[in-house]
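Colleague: Give the three-dimensional model of this entry:
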Amino acid sequence: MTTHTEAEIASQPSCWRRAADGVPADALPRPGERVAVVGCGTSWFIAMAYAVLREQAGHGETDAFAASEFPAGRAYDRVLALSRSGTTTEVLELLSRTATATTAITADPDTPIMSAADEVVVLDYADERSVVQTRFATTQLALLRASLGEDLTQAIADAERAVAEPLPEELVNAEQFSFLGTGWSVGLAQEAALKMREASRSWTEAYPAMEYRHGPISIAAPGRVTWMLGAAPEGLRAQVEQTGATFVESGLDPMAELIRAQRVAVARAFARGLDPDEPLHLTRSVILSS
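Modeller: The predicted structure is shown next:
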């Protein structure tokens, strides 16, 4: 029987295609605006990726924050809030107290975020039944990438490969993972590590690729994996392989490579007798009592 998480992972190429074809005309940040992107958990990591991409595209200064760490008093033209559930406490509190123009992206149109933000983009077709967030995270990033003028044709083709190709057993059975990224894929490396922890309770870490050699490489060893999302800096593969660790670099679009990490996380959950739809100690939304 296919779990909700497996089905949602497999649906990502079609979701990305729909997102790329349906970029809203006016709701998302405008070129030239100074923007803060906020979220919690997965949404924060997607915010990190988008912030880098937006600045690289020349659309304006863009910062990413965990919603609980937003710097009070700093001036922005727009706050973009990412929240699958539309009920996350820290996001709603931030939207309620800022005088800045606000936009939210959510999956559920029947939640408080609909009235908390000035403008809302609803990706209900990418909503999920699983607690572990997969397709909503990548679909909103696909939407945001398309809004910056990116052509996602190759990314979608890579996603189809990532969904279909068999997984190496050495990844399913590995002792430890270090996920690495550069630029916008640093956020995706953090998200890959989070998925592995959530779904399979695996020992995972994440770093900017150039920082990995400044200490974290000390844990590389046989039976452990260093996994690059995007192109690795020159010489990194050789250094990792000298430790006996496995180095993974596929050449796929980093967002598609994240799909491979999601699938490995699910496979490892099954190998450990865990249910990836019901990760331990987690709920779909974190709602804090006052």
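
Colleague: From G58, how far off is E160?
Modeller: Distance of E160 to G58, computed by CB to CB, to the nearest Å: 30 Å. To be clear about C-beta, it is placed using only N, CA and C from the backbone, and glycine gets the same treatment.

Colleague: same thing with R161?
Modeller: In terms of CB to CB, R161 sits 30 Å off from G58.

Colleague: and these two? which has more neighbours close in?
Modeller: R161 (15 against 10; other CB atoms under 10 Å).

Colleague: got a list of what that one touches?
Modeller: 252, 256 (CB atoms under 8 Å, 6 or more residues apart in numbering).

Colleague: Show me the beta-bridge partners of the closest residue to P216 other than its chain neighbours.
Modeller: Excluding the flanking residues, the one nearest P216 by CB to CB, 6 or more residues apart in numbering is Y207, at 5.5 Å. Beta-bridge pairing of Y207 under DSSP bridges involves L180.

Colleague: Tell me, how many residues neighbour Y207?
Modeller: Y207 has 21 neighbouring residues, counting by other CB under 10 Å.

Colleague: which residues does the nearest residue to E165 once chain neighbours are set aside contact?
Modeller: Closest residue to E165 apart from its sequence neighbours, by CB to CB, 6+ apart: R260 at 7.8 Å. Each residue near R260 by CB under 8 Å, 6+ apart is listed here: 162, 165, 167, 250, 252.

Colleague: Which of the residues you listed fall within helices?
Modeller: A162 (DSSP state H).

Colleague: Please pick the buried ones from the contacts of R260.
Modeller: 162, 250, 252 (16 or more other CB atoms under 10 Å).

Colleague: Lowest-confidence entry in the residues you listed?
Modeller: Lowest pLDDT of those: S250, 95.

Colleague: before we move on, what SS does the nearest residue to that one once chain neighbours are set aside have?
Modeller: Nearest residue to S250, sequence neighbours excluded (CB to CB, 6+ apart): E257, at 5.8 Å. State at E257, reduced to three classes by DSSP: H, G, I helix; E, B strand; the rest coil: helix.

Colleague: Pass me the low-pLDDT residue ranges in this structure, would you?
Modeller: Along the chain, the parts satisfying pLDDT under 70 run over 279-290.

Colleague: Helices of that one, start to end?
Modeller: Going by DSSP H, the chain shows helices at 4-10, 12-20, 42-56, 89-97, 113-116, 135-147, 153-164, 169-172, 185-200, 236-242, 254-271.
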